[in-house]
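S.K.: got a sequence here, can you build the structure:
(one chain, ligands or ions: 2)
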Amino acid sequence: MTDKPEQDPKATTPACPTQSGVALFLGVPNAGKSSLLNAVLGVKLAAVSHKPNMTRFCITGVHTEGTAQMILMDAPGLMQSPQNLLEKTIQTHLKQTLTTVDVVVAVVDVATAFHDRERHVYTLLARETKPVLLVLNKIDTVKKTDLLPMLARFQQETPFWKAIIPVSAQKRQGIDRVLSEIKACLPSAPWLCAEDDLSTLPMSFLATEATREQIYKYLHDELPYHLNVTADSWETKRDGSAIIRQTVWVDQDRYRRILLGHKGQTLKSIGEGARHTLSRVLGHPVHLFLTVMVDSEWTKRVLLTPGGTAP
Ligand SMILES: Nc1nc2c(ncn2[C@@H]2O[C@H](COP(=O)(O)OP(=O)(O)OP(=O)(O)O)[C@@H](O)[C@H]2O)c(=O)[nH]1
Ligand SMILES: [Mg+2]
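M.R.: Ligands and ions are numbered 1, 2, ... in the order given. The predicted structure is shown next:
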């Protein structure tokens, strides 16, 4: 005989008091996925550009609200026909990521929602078994009267959305609804991050994205796609400021000359823009030093390193 009470086989384990999960922002290049992440976080974490394919690797943001914590993944644009090895690798990685998340948030530019370039997104998501939300972004660019028939058409032609949410990431409209719909899909689970975490990625990597964003702003045509930025060092000074050193890699010497510009003026403007973004995000002064290196093989090194942060 023992004093140990017998276990009731019908007794259930107490439910986890918190919710936690991962939501993936998926859509064609330029739909506004990174803008949506920044709008949700209220901080400019992800790089944004009017040029497509700004985002190369998933950028994560952490949003904790009440008992729920969501890890929001801003994905690279989903491409139908990736052209080179870098794009092919990015797309393969993206499809693998899709299998691991709890919720998918399709981000669609309202102006191109029914264009052919969006079809492969809907075809891919029609097969999805996990909850899929539709964010109809950039509603500030269309008339309200045009929106209702669009919503009806979505419900009729692609009836697999758990919710359709009209949003303007730029004007921060519809953001609360995006959060509440994601929250409704999260499983009961312990949190994966601390309450005040902003991202699961190292700030040194996010800082290289701020520089890449400025490169997209200052350099034209195909040039930004021939460049990459890596983190070298990060030193915090006694006064709270940070000394950040990064390298910009180009695959040809003629691109190095364009990047530097006349008397180094282009690189200076890029550095000033990135420093400004980083000071605001970090809340303290930043001293940013950029070095330019030529390496025709930088793409291969990026592919070999998770997150593309090749040294
Ligand atoms: N008018 C308007 N423009 C927007 C809105 N959201 C994003 N944009 C613009 O759309 C362009 C693309 O935005 P991003 O957030 O970089 O788009 P993305 O989907 O992350 O693009 P990739 O990383 O290239 O796949 C930028 O010029 C943004 O300023 C919006 O709600 N309204
Ligand atoms: Mg992006």
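S.K.: can you map out the strands along the stretch 1-150 of the chain?
M.R.: For the stretch 1-150 of the chain, applying DSSP state E, counting those that start in this stretch gives strands covering 19-26, 59-65, 68-74, 103-109, 132-137.
S.K.: ligand 2 contacts on the stretch 51-200 of the chain?
M.R.: Contact residues, the stretch 51-200 of the chain versus ligand 2 (Cβ under 5 Å from the ion): 54-55. Bear in mind the C-beta positions are built from the backbone N, C-alpha and C, glycine included.
S.K.: returning to that earlier point: out of the strands of the stretch 1-150 of the chain, which comes closest to Leu288?
M.R.: Nearest of the strands of the stretch 1-150 of the chain to Leu288, taken as Cβ to Cβ: strand 59-65 at 19.3 Å.
S.K.: tell me which strands the closest one pairs with, and in which orientation.
M.R.: strand 68-74 (antiparallel) (DSSP bridges).
S.K.: the strand it pairs with vs strand 103-109, what angle?
M.R.: Here the directions of strand 68-74 and strand 103-109 differ by 50 degrees (axes from the mean of the first three to the mean of the last three Cα atoms, to 10 degrees).
S.K.: what about Val101, neighbour count?
M.R.: Val101 sits with 19 neighbouring residues when counted by other Cβ atoms under 10 Å.
S.K.: okay but it is in contact with Cys58, surely?
M.R.: No - contact criterion Cβ atoms under 8 Å: Val101 and Cys58 do not qualify, at 9.8 Å.
S.K.: which neighbours do the two share?
M.R.: Between them, Val101 and Cys58 share these contacting residues under Cβ atoms under 8 Å, 6 or more residues apart in numbering: 24, 73.
S.K.: can you redo the strands of the stretch 1-150 of the chain as a markdown table with mean neighbour count?
M.R.: Shown next, in a markdown table, are the strands of the stretch 1-150 of the chain (neighbours: other Cβ atoms under 10 Å):
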| stretch | mean neighbour count |
| --- | --- |
| strand 19-26 | 24 |
| strand 59-65 | 20 |
| strand 68-74 | 24 |
| strand 103-109 | 25 |
| strand 132-137 | 26 |
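S.K.: mind checking those for the one nearest to Pro202?
M.R.: Proximity to Pro202 (Cβ to Cβ) singles out strand 59-65 among the strands of the stretch 1-150 of the chain, at 10.9 Å.
S.K.: between strand 19-26 and that closest one, find me the angle.
M.R.: 140 degrees.
S.K.: the nearest residue to Thr64 once chain neighbours are set aside: neighbouring residues, count only.
M.R.: Nearest non-adjacent residue to Thr64, counting by Cβ to Cβ, 6 or more residues apart in numbering: Glu195, 5.1 Å away. For Glu195, the count of nearby residues is 8 (other Cβ under 10 Å).
S.K.: tell me the SS of Glu195?
M.R.: Judged by DSSP: H, G, I helix; E, B strand; the rest coil, the three-state class of Glu195 is coil.
S.K.: so it sits right up against His63, yeah?
M.R.: No - counting by Cβ under 8 Å, Glu195 does not reach His63; the two are 10.8 Å apart.
S.K.: intersection of neighbour lists for the two?
M.R.: Here Glu195 and His63 have Gln69 as joint contacts, going by Cβ under 8 Å, 6+ apart.
S.K.: dig out what the spatially most central residue of the chain forms beta bridges with.
M.R.: In the chain, the C-alpha nearest the mean C-alpha coordinate belongs to Asp74, at 2.3 Å (Cα atoms, centre = their mean). Legend: beta-bridge partners of Asp74 under DSSP bridges are Phe25, Ile59.
S.K.: the stretch 201-311 of the chain: strands as residue ranges?
M.R.: So, for the stretch 201-311 of the chain - with DSSP E, counting those that start in this stretch - the strands run 227-236, 242-250, 286-294.
S.K.: how about the second one: buried residues?
M.R.: So the one you mean is strand 242-250. Neighbour counts over strand 242-250 (16 or more other Cβ atoms under 10 Å) mark 242, 244, 246-250 as buried.
S.K.: and what of stretch 263-274?
M.R.: Neighbour counts over stretch 263-274 (16+ other Cβ under 10 Å) mark 266-267, 270-271, 273-274 as buried.
S.K.: stretch 160-175 and ligand 1, any residue contact?
M.R.: Yes - figure legend: stretch 160-175 in contact with ligand 1 (Cβ under 6 Å from any ligand atom); contacting residues 168-170.
S.K.: residue numbers of the stretch 101-250 of the chain in contact with ligand 1?
M.R.: When proximity is defined by Cβ under 6 Å from any ligand atom, the stretch 101-250 of the chain lies next to ligand 1 at 137-138, 140-141, 168-170.
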